[in-house]
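J.: sharing a model prediction with you, sequence too.
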Amino acid sequence: MGGPQSSESHSLRGAIDRPALIAIRDFYNEEEPLASAQLDDFLNPSVLEVELDDGLLDATAARIDVQWTTRDDYKYHYTDTRDVNVRWGRHPHDGDYIHVSGLEHFHPPPNASSDPTDVEASCIEQLPEILVTRAVRTLWRTAYHSQSLSALNAGQNPP
């Protein structure tokens, strides 16, 4: 049974970093031909929404929602028309994820489970935001071309 303390331990720390989200938006719009990225609110964003014209396996469209904070905590959440979900994240988890020793972690498909026994250490361990974004895109592209969800956390640092 969790109270306010337990939900806080799995939260992103710090305010949303608008300049970081703008840099990530520009990267996707310039480097990924399947993407169209925009902030939910240009002046006071809470999330960057990256619409993809295709998805993994036989999904016909997808989206990656990105949050990045001033403390370099982040969340990249992929979801598609087949209801496949996956998340790459970096934020405290109070040691609840038994296979994760650091802040970086991966919530695997198909449902981006938060079960402590399902969450894995992420193959993405670097910062800043552009390197993380390049890594997420590389992992997504590898899974997209190989038609395999197992590629989503199979990269070497940096992927």
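T.: Perfect, thanks for sending it. This is a predicted model, so every value here is computed, not measured.
J.: would you list every one of the helices in the protein?
T.: Using DSSP state H, the helices of the chain run over 4-8, 18-31, 129-146.
J.: export stretch 22-37 as PDB, just CAs?
T.: Only the C-alpha atoms of stretch 22-37 are listed here, as PDB (Å, rounded to 0.1, in the frame of the first residue of the first chain):
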ATOM      1  CA  ILE A  22      13.100  22.000 -27.900                       C
ATOM      2  CA  ALA A  23      16.500  20.500 -28.800                       C
ATOM      3  CA  ILE A  24      14.900  17.000 -28.800                       C
ATOM      4  CA  ARG A  25      12.000  18.300 -30.900                       C
ATOM      5  CA  ASP A  26      14.400  19.800 -33.400                       C
ATOM      6  CA  PHE A  27      16.400  16.500 -33.500                       C
ATOM      7  CA  TYR A  28      13.400  14.400 -34.300                       C
ATOM      8  CA  ASN A  29      12.000  16.900 -36.900                       C
ATOM      9  CA  GLU A  30      15.400  17.100 -38.700                       C
ATOM     10  CA  GLU A  31      16.700  13.500 -38.300                       C
ATOM     11  CA  GLU A  32      13.700  11.200 -38.300                       C
ATOM     12  CA  PRO A  33      11.700  11.100 -41.600                       C
ATOM     13  CA  LEU A  34       8.800   9.300 -40.000                       C
ATOM     14  CA  ALA A  35       8.500  11.800 -37.100                       C
ATOM     15  CA  SER A  36       6.600  15.000 -36.500                       C
ATOM     16  CA  ALA A  37       7.400  16.400 -33.000                       C
END
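J.: ok, and what's touching that stretch?
T.: 38-39, 48-54, 66, 68, 129-130, 133-134, 137 (Cβ atoms under 8 Å, 6 or more residues apart in numbering). For glycine as for every other residue, the C-beta is placed from the backbone atoms N, C-alpha and C.
J.: kindly report the same for stretch 145-159.
T.: Contacts for stretch 145-159 (Cβ under 8 Å, 6+ apart): 56-57, 84, 86, 88, 106, 108-110, 120, 122-126, 131, 134-135, 138-140, 142-143.
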